[in-house]
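# when you get a sec, could you give me coordinates for this:
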Amino acid sequence: MILDILEEFGEKLNYTKLQKILFLITRKQEKKSFDFVPYKYGCFSFQANQDLFTLSKYNNVKSVVTQSSSNWVLVKSNINYYDQLRETDKYAIKTVKREINHFSQKDLIRYTYLNFPCYATKIQVAGDILTNDEMNYVSN
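Below is the predicted model:
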């Protein structure tokens, strides 16, 4: 699923954006592929993060870190990851892509904070993203 998400979203995603997209996709799954917990930047899956490092070990993805960004990048292969997914997972990915494709990273973070406030209980950057009223909503 992670490999197809990278493929669907342009073969490169910021660490945070990938976590948010994966979170939104799992919200559409009956049986969630990954578990998430509240963390510094909202919802976070330690399981998905570990899978990414394992995929990196096998040269399916690579981590590219610069001074301005940290990205997961899909390593090109001849494998069609989409065809290997269950129909319900394909639908979840396509639906989320359609819903958030125009969002900036900041918009995506804001969207997840406001729609899933229980995952925003440990956030450290909310003041940069949410208004005071929205902060009160999330806190409550």
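# tell me where the model's unsure across this protein.
Applying pLDDT under 70 to the chain flags the ranges 124-127, 139.
# all helices in it, in order from the N-terminus.
For the chain, the helices defined by DSSP state H cover 2-8, 15-27, 46-57, 87-100, 105-115, 126-129, 132-139.
# just to check, Asn71 is in contact with Thr16?
No: contact criterion Cβ atoms under 8 Å: Asn71 and Thr16 do not qualify, at 10.0 Å. Using the backbone N, CA and C atoms, a C-beta is placed for each residue, glycine as well.
# and the closest residue to Lys62 other than its chain neighbours, what are its bridge partners?
What sits nearest to Lys62 in space, not counting adjacent residues and going by Cβ to Cβ, 6 or more residues apart in numbering, is Val73, at 5.1 Å. Going by DSSP bridges, Val73 is paired in beta bridges with Lys12, Lys62.
# now Phe36. Nearest residue, chain neighbours left out?
Nearest to Phe36 is Cys43, by Cβ to Cβ, 6+ apart, at 4.3 Å.
# ok, now how distant is that neighbour from Asn78?
33 Å (Cβ to Cβ, to the nearest Å).
# okay, these two: which has more neighbours?
Taking neighbours as other Cβ atoms under 10 Å, Cys43 and Asn78 compare with Cys43 leading, 24 against 4.
# how about the more buried one, what does it touch?
The contact partners of Cys43, by Cβ atoms under 8 Å, 6 or more residues apart in numbering, come to 19-20, 23, 36-37, 112, 116, 119.
# now do Leu6
12-13, 18, 61, 72-74.
# how about a cut-off of 10 Å?
12-13, 18, 21, 52, 55, 60-61, 71-75, 81 (Cβ atoms under 10 Å, 6 or more residues apart in numbering).
# with Gly10 instead?
By Cβ under 10 Å, 6+ apart, the neighbours of Gly10 are 73-74.
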